[in-house]
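Participant: Let me see the structure of the following:
(one chain, ligands or ions: 2)
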Amino acid sequence: MKIQIITNYELTAEETASACVTLQAAMKSEEIQSDCIVDEALQNYGIECGRAVLNDYTMSAEHSMAVCLIRTPSAIHGAIMTATGRSFSTEAAPTEPSDQSAQTMAVFKSLGTQLALFPLVGLIPDFPAPGVLFQDISTLLVDADGLHDMADAMVELVKARGLKFNKIAGIDARGFIFGSLLAYLTHTGFVMCRKKGKLPGATISATYGTEYSKDEIEIVDGLLNEQDKVLIVDDLVATGGSLDAAARLIRQTGAGVSGALALLRVPECEGMARNKLGDMRCDVVLALNSLGH
Ligand SMILES: O=P(O)(O)OC[C@H]1O[C@H](OP(=O)(O)OP(=O)(O)O)[C@H](O)[C@@H]1O
Ligand SMILES: Nc1ncnc2[nH]cnc12
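Facilitator: Ligands and ions are numbered 1, 2, ... in the order given. Next comes the predicted model:
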């Protein structure tokens, strides 16, 4: 498979070489075409238009994959389309980079991570209910490198966004896997938001709905207090119902919620999630924008 980097600005030889090494590693030693096409016209496009332009390049038989970096005055956006038929983008950088070269490499690294990890997430139509496209993490979890790289990507995102917390709360069940990995890697205490009826002693609980179910979660009373700043971790955000329920529970204890971190999101539910989460920030490691291209 060949990858061609298409940019709207000149990369230094060093940046090009590092980008290729990063992408090569991500693609597990696929051949990388090491030149860049500099296209000034891309400067005029935002990320959505950029992707349309990208289509023109990537849909040719010659290039099975292309990476396009679009630099705007306020941030660098990354857009990517893969031969697997998925398209996705990195989030805009939160602040103007002080060191552009480092920022560029951070974007390449993030793109490389996404390239490597997205194909490990299965997509199962109509599960567990008709109309739901289920994002299955089983195939990611069973892959030693994938699991390792995902854990590292969570830590990097936490650092890059400057998230501050002294406890991590994971949502039963898939949120336990990634929440406790992150807790271990950041040396942070972990709190279980457990499905109802599984915890002993006094608990507090909150009910909620998800993309396909209704449920109730609980935490042990007395584990958190006003001193705590909690990061909520889950595998995926769809409607935001689960994250919102966890946030309500945590706030009931007097603790603060510093935000949420999910590996994946369901683009079709994004409006609902935004309404549900309100001001609560939610960072997503793999930001899948749309499916089925
Ligand atoms: O944003 P939402 O609409 O709330 O949906 C996301 C939630 O749905 C899934 O959990 P599920 O309730 O299926 O439980 P599980 O982890 O036990 O599979 C997923 O792991 C999230 O917790
Ligand atoms: N589309 C989806 N895939 C996996 N887990 C989910 N939880 C809620 N919606 C989901």
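Participant: who in the protein is up against ligand 1?
Facilitator: 171-175, 210-211, 213, 215, 234-242 (Cβ under 6 Å from any ligand atom). From N, CA and C alone the C-beta is placed, and that goes for glycine too.
Participant: now those residues: which count as buried?
Facilitator: Buried members of the residues of the chain next to ligand 1, counted by 16 or more other Cβ atoms under 10 Å: 171-172, 174-175, 210-211, 215, 234-242.
Participant: Take these and keep only those in strands.
Facilitator: Residues of these located in strands (DSSP state E): 171, 215, 234-237.
Participant: ok, those vs ligand 2, which is closest?
Facilitator: Checking these against ligand 2 with Cβ to the nearest ligand atom, the nearest one is Leu236 at 4.8 Å.
Participant: Which of the helices or strands spans the nearest residue to the closest one once chain neighbours are set aside?
Facilitator: Leaving aside its sequence neighbours, Leu236 sits nearest to Leu264 (Cβ to Cβ, 6 or more residues apart in numbering; 4.3 Å). Here Leu264 sits within strand 256-265, counting by DSSP states H and E.
Participant: strands paired with that strand, and their directions?
Facilitator: Strand pairing for strand 256-265, using DSSP bridges, gives strand 229-237 (parallel), strand 282-284 (parallel).
Participant: Return the member of those having the minimum mean pLDDT.
Facilitator: Mean pLDDT values for the strands paired with strand 256-265 show the minimum at strand 282-284, a mean of 89.
Participant: got any ranges where the stretch 51-200 of the chain has weak pLDDT?
Facilitator: Across the stretch 51-200 of the chain, the ranges flagged by pLDDT under 70 are 51-116.
Participant: Sketch out the helices for it, chain order is fine.
Facilitator: Taking DSSP state H, counting those that start in this stretch as the test, the helices found in the stretch 51-200 of the chain are 100-117, 138-141, 144-160, 174-185.
Participant: Could I get the CA-only coordinates of the second one as CSV?
Facilitator: I take that to be helix 138-141. Provided in CSV are the C-alpha atoms of helix 138-141 (Å, rounded to 0.1, in the frame of the first residue of the first chain):
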residue,chain,number,x,y,z
SER,A,138,-13.2,-7.2,21.1
THR,A,139,-10.8,-7.2,18.2
LEU,A,140,-8.9,-4.2,19.6
LEU,A,141,-8.6,-5.8,23.0
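Participant: In stretch 212-227, which of the residues would be classed as buried?
Facilitator: 215, 217-220, 223-224.
Participant: Reformat these as TSV; add distance to ligand 2 and secondary structure.
Facilitator: Formatted as TSV, the buried residues of stretch 212-227 follow (distance: Cβ to the nearest ligand atom, whole Å; DSSP: H, G, I helix; E, B strand; the rest coil):
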residue	distance to ligand 2	secondary structure
Asp215	11	strand
Ile217	14	strand
Glu218	19	strand
Ile219	20	strand
Val220	24	strand
Leu223	25	coil
Leu224	25	coil
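Participant: wait, which of the residues you listed is closest to ligand 1?
Facilitator: Asp215 (5.7 Å).
Participant: so what pLDDT did that closest one get?
Facilitator: Taking Asp215 on its own, its pLDDT is 96.
Participant: and it, what does it touch?
Facilitator: By Cβ atoms under 8 Å, 6 or more residues apart in numbering, the residues touching Asp215 are 195-196, 207-209, 242.
Participant: tell me the angle the strand holding Leu264 makes with helix 174-185.
Facilitator: 120 degrees (axes from the mean of the first three to the mean of the last three Cα atoms, to 10 degrees).
Participant: from the contacts of Asp215, which is closest to ligand 1?
Facilitator: So of the contacts of Asp215, ranked by how close each gets to ligand 1 (Cβ to the nearest ligand atom), first place is Ser242, at 3.3 Å.
Participant: nearest to Leu147, of the buried residues of stretch 212-227?
Facilitator: Ranked by distance to Leu147 (Cβ to Cβ), the buried residues of stretch 212-227 are led by Ile217 at 24.6 Å.
Participant: So what sits opposite that closest one in the bridge?
Facilitator: Taking DSSP bridges, one finds Lys195, Ala206 as the beta-bridge partners of Ile217.
Participant: I am finished for the moment; much appreciated.
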